Each structure stands twice: as C-alpha cells, then as structure tokens.
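K.L.:
Here is my input; please provide its structure:
(chains A, B, C and D)
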Protein chains: 2
Amino acid sequence: MATPVKQPPAADRVYTHVKQGVLDRRYEGGALLTEGELADAVGVSRTPVREALLRLEVEGLIRLYPKKGALVLPVSAQEIADVVETRLLVEEHAARKAVPAPPSLLERLAELLEKQKAQAAAGDFAAAAVSDRCFHAEIVRSGGNEILSRLYDQLRDRQLRMGVAVMHSHPDRIAKTLAEHEEILRALSAGDAEAAVGVVHRHVSWFSHLARGEVR
Amino acid sequence: MATPVKQPPAADRVYTHVKQGVLDRRYEGGALLTEGELADAVGVSRTPVREALLRLEVEGLIRLYPKKGALVLPVSAQEIADVVETRLLVEEHAARKAVPAPPSLLERLAELLEKQKAQAAAGDFAAAAVSDRCFHAEIVRSGGNEILSRLYDQLRDRQLRMGVAVMHSHPDRIAKTLAEHEEILRALSAGDAEAAVGVVHRHVSWFSHLARGEVR
DNA sequence: TGGCCACAGGATAGATACAACGCGTACGCA
DNA sequence: TGCGTACGCGTTGTATCTATCCTGTGGCCA
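P.N.:
Residues are numbered from 1 along each chain as shown, chains lettered A, B, ... in the order given. Okay, the predicted model is just below:
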C-alpha cells in the first residue's frame, strides 16, 4: 500500500496551513486572502476552506469581510495590550488557585521545566518554546476550568504573532525565562500563592514592555 | 411588493434559530441535531447550517460529533461552575478597572438601571433581563479589552440556559437584582473599587448557590 | 444460544455548480 | 474635462451532488 496513513480532514489541513502562515508571518498582517487561493494552495475545494476561515475568525486571527475576502488582522497595539492583560488575569488567577498544589501538578511542572532546560541547552529553541507554553498551560489547566483553559490556549496563539523572534534570538531571555519558571515552581511548592502570583506577573508583563512600540 | 426587506444571510438565520432553540430549551440538552433536519426547518440548504453549527460549537453550546451530528450539550455542574468562576474573574476585574469611572460610563449605567426598573415594574421581565445584561456588559466593555468583552458575552449566553426561569418567576429576586445594581453604581460613583468588587462578587456568586444541584 | 460478519441506512465531509453582490473601470454624455 | 452610469470581473453565498464513514441490525455459523 502506498499511503497507509489516513490524511487528516481537509478542513483541519486548511486550518493549520492558514494558522501557521499567519503565525510565522508568511501571510503578512493586512493581506487579503481569498477562498479560491487557499483552496488551490492546499489542494482542496472551497468548502473546507470556508470552515477553516470561520474558525480562525472566531480566534481573532483574521477578519471575514463579506464578498471581499479574509483580512489577516495586523497586530495592533490594542491587541497586544488586550492579550497581555487577559493573560495576566487568567494566569494570576490560575497561580492563586494552584495553591496548595497537588504533588501530581508539581511533578509535571518539574518534568516540563527539565525538558525545556535540556531543549534550550541543545539549541532547539522551537521545542523549548513549546515546553514553555506547556508549562504555563499546565498551571492554567490545573484549575479545572475548561473555559479559561481554552481561552488561554488562544491567547498564547495570538501572542506567538508578536515578536517570537526576540524570544528565540536572545539566550539571555531564555535563561531568565527558565529562572522565572523555577521561581514559580518553588513558590507553588512552598504554597506561597502571593509569591507565585508576583512572579507570574513579572513573567507575563515583561512581554508588554518588550512589545510596546514594536508593532509591525 | 410582498417582502421588501432583505432577508439576513441564511447562515445567520440558522445560527439564530438554533441558538434560540437551545437557549429557551426548545432543543433539550442531549438532543442530537442533524444538518438535514435544521436545513429543512429553516428552509435553507445544508451548507449554511454547517456554518452556523460550527460557530455554535466554538461558543460551547453544542458539540459536533464527526459523522454523527450535533449534540446539544446538556448543562453540567462543571459547566455551571466554570461559567460562574469565569464571570467572577472577568466582572471583578472589570469593576476594579472601572474605578475611577468616567462620567459617561456612570451616565449610561444609570440610564440602563432606570430602564430596567421601568421594565420590571411594567412586568416585562424579558426586556428587563436584556437590560440587566447590558448593565453588566457595559461595565466589562468600559475596560476596553475586546477579548474580555467577547468572552463575557459568551458567558452570559451560556448562563441563559441555566435557570433563567427562576430569575423571571421571583419578583423578589428582581428587586434584589435592582438593588444590587444600584449598589454597584453607587460604589463606582464613589470611586470605591473594593466595595464595587464586593457587590459584584455577591451578585454573581448568588447564582452559583441557586444553580447548585439544579442541573436538569 | 452466543458471537461474528456482512449489509444497509443515514449522517457528515467534500467537491462542484450556480446565483447574487460589490467594486472598479471605462465609456459616454454634458 | 468632469461626472455619472453601465458593464464586467472577481469574490463570496448558497445549493446540490457524490463519496466516505459510522452504526445498528440481521442472519449465519460454531
């Protein structure tokens, strides 16, 4: 048999294609995508394309203009501020709620932290970024609130568009991130909610300083 | 001319139809909707139905099962808890941020409160519920965070499914709601953030007591 | 009688065909 | 030359058709 693996659904392929394209700037902010283009690019019909675009609009990555096309939303200062503010709200809440932390959570966090360290040391920054993301998501998910967990995932996606390059280019920043993660883990282990919240606050709001005025 | 008005897009009609159906319990939780049924019911083809169902899934009202149909999600205790927790998080944050409140905000809130009072006095509980909702939404929107504003709207929609009847049936509760709104407005006017947060907390978490164990 | 397999029914997933709409352009008229 | 209108192209919106997949049912065999 030539292709024993079953292809993922066409709608998902389009979704991933566009999302990746938007996230890593292959599609510039302000670009106007049309269903036909995307259909050709991915090799499917327009129907699944419509589906994917609809999902992406809900996530706030694009905006659908009737009879015109899908506008790749440029990153605005407003959006950056909103994302950071919302992340702060969700993550601080999660950190506060994660105290006292169950051993299973602490264990998973320690594991993720080790993994990220190893990946950073090996120079695999992309993988490290994934681990970074998992670390935060794990804390949020430990709160057990599905609404907040889903929201948080979306926030991280949107944040990916805003200056990821900087994260990857500065080893200093990586080290600082790791140190802060360690600090968060320590605070959670110690059951010190306010300390954990404080570190999370620093950790997240650092980004807003960096992003200020860097709207491209 | 018979129908001079232009019909809204078919997808929107389906969306509204299903959403209303789910919200006012015409479609029971646990029911399995099929695209064909809905297409016939609204009088459009299945394509816009798909679109509408997709949007509703993102909002968390239904769950799409591949090759099976659209399950109207039953209200679970988990969902109630999540909605209330998230509302608390968002609304308390909004209340805190709304201090000091600009006069324009206070003005709009006072206006909405008066309107709701009049509607409640006139016995138009449905309209009063709409005003109630606007009151809260206005505070959240004043924060200027689009992500939180959109999230909040979704939360209110979902909460509509959980025991609205109770709200409408007890005039006592209406009176209490109005009193609490007045209290919130007073606290905001006075610039007392913590007082406002406290009232909001009471106001929102009242619902969780009511909903506990009342999962239908 | 119990379990397995084949088949049929119904649903979605995807492709394609058609209609309606909007926008820009170019032509015509004043 | 300037403005208004009409035409044409491109895009989305909707409908319909086909293929694929899942599920439940029925019969057959051990």
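
K.L.:
in which helix or strand would I find the nearest residue in space to A:Glu59 that is not next to it in sequence?
P.N.:
Excluding the flanking residues, the one nearest A:Glu59 by Cβ to Cβ, 6 or more residues apart in numbering or on different chains is A:Gln154, at 5.5 Å. Heads up, the C-betas are built off the backbone N, CA and C, glycines and all. For A:Gln154, the element it lies in under DSSP states H and E is helix A:146-160.

K.L.:
That helix packs against which elements?
P.N.:
In terms of contacts (3 or more Cβ pairs under 8 Å, 6 or more residues apart in numbering or on different chains; DSSP states H and E), helix A:146-160 is packed against helix A:10-23, helix A:77-97, helix A:125-142, helix B:77-97, helix B:146-160.

K.L.:
mind checking which of those is nearest DNA strand D?
P.N.:
Judged by Cβ to the nearest atom of the strand, the one of these that comes nearest to DNA strand D is helix A:10-23, at 11.4 Å.

K.L.:
got the angle between the helix holding A:Gln154 and helix A:77-97?
P.N.:
Helix A:146-160 and helix A:77-97 are oriented at 140 degrees to each other (axes from the mean of the first three to the mean of the last three Cα atoms, to 10 degrees).

K.L.:
how about helix A:146-160: buried residues?
P.N.:
Neighbour-count burial for helix A:146-160, with 16 or more other Cβ atoms under 10 Å in any protein chain shown as criterion, is recorded at A:Ile147, A:Leu148, A:Ser149, A:Leu151, A:Tyr152, A:Gln154, A:Leu155, A:Arg156, A:Asp157, A:Arg158, A:Gln159, A:Leu160.

K.L.:
Quick check: residues of chain A near DNA strand C?
P.N.:
Chain A has residues A:Pro9, A:Ala10, A:Ala11, A:Val44, A:Ser45, A:Arg46, A:Thr47, A:Pro48, A:Glu51, A:Pro66, A:Lys67, A:Lys68 near DNA strand C, with proximity defined as Cβ under 7 Å from any atom of the strand.

K.L.:
just checking, next helix/strand downstream of the lowest-mean-pLDDT helix or strand in chain A?
P.N.:
Least confident helix or strand, chain A: helix A:164-169 with a mean of 60, by mean pLDDT, DSSP states H and E. Heading C-terminal from helix A:164-169, the first helix or strand you meet, by DSSP H and E, is helix A:171-190.

K.L.:
Skip ahead from that following helix and say which helix or strand is next.
P.N.:
helix A:193-211.

K.L.:
Does that following helix reach chain B?
P.N.:
No. Under the criterion of Cβ under 8 Å from any Cβ of the partner chain, helix A:193-211 makes no contact with chain B; the nearest approach is 13.1 Å.

K.L.:
returning to that earlier point: for the residues of chain A next to DNA strand C, please prepare a markdown table with the additional fields neighbour count, distance to B:Ala190 and pLDDT.
P.N.:
Formatted as a markdown table, the residues of chain A next to DNA strand C follow (neighbours: other Cβ atoms under 10 Å in any protein chain shown; distance: Cβ to Cβ, whole Å; pLDDT from 0 to 100):
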| residue | neighbour count | distance to B:Ala190 | pLDDT |
| --- | --- | --- | --- |
| A:Pro9 | 13 | 55 | 90 |
| A:Ala10 | 18 | 57 | 94 |
| A:Ala11 | 19 | 52 | 94 |
| A:Val44 | 18 | 59 | 97 |
| A:Ser45 | 11 | 60 | 97 |
| A:Arg46 | 15 | 57 | 97 |
| A:Thr47 | 14 | 56 | 97 |
| A:Pro48 | 20 | 55 | 97 |
| A:Glu51 | 19 | 50 | 96 |
| A:Pro66 | 6 | 46 | 94 |
| A:Lys67 | 4 | 50 | 93 |
| A:Lys68 | 9 | 48 | 94 |
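
K.L.:
With secondary structure and distance to A:Leu112 added, can I get those in a markdown table?
P.N.:
Shown next, in a markdown table, are the residues of chain A next to DNA strand C (DSSP: H, G, I helix; E, B strand; the rest coil; distance: Cβ to Cβ, whole Å):
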| residue | secondary structure | distance to A:Leu112 |
| --- | --- | --- |
| A:Pro9 | coil | 30 |
| A:Ala10 | helix | 33 |
| A:Ala11 | helix | 31 |
| A:Val44 | coil | 36 |
| A:Ser45 | coil | 40 |
| A:Arg46 | helix | 40 |
| A:Thr47 | helix | 39 |
| A:Pro48 | helix | 34 |
| A:Glu51 | helix | 33 |
| A:Pro66 | coil | 44 |
| A:Lys67 | coil | 46 |
| A:Lys68 | coil | 43 |
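
K.L.:
out of those residues, who's near chain B?
P.N.:
By Cβ under 8 Å from any Cβ, the members of the residues of chain A next to DNA strand C lying near chain B are A:Pro9, A:Thr47, A:Glu51.

K.L.:
Show me what stretch A:72-90 is in contact with.
P.N.:
Stretch A:72-90 has contacts (Cβ atoms under 8 Å, 6 or more residues apart in numbering or on different chains) with A:22, A:27-33, A:60-63, A:140, A:148, A:151-152, A:155, A:158-159, A:161-162, A:200-201, A:204-205, A:207-208, A:211-212, A:215-216, B:89-90, B:93, B:145-148.

K.L.:
Nice, that's everything, thank you.
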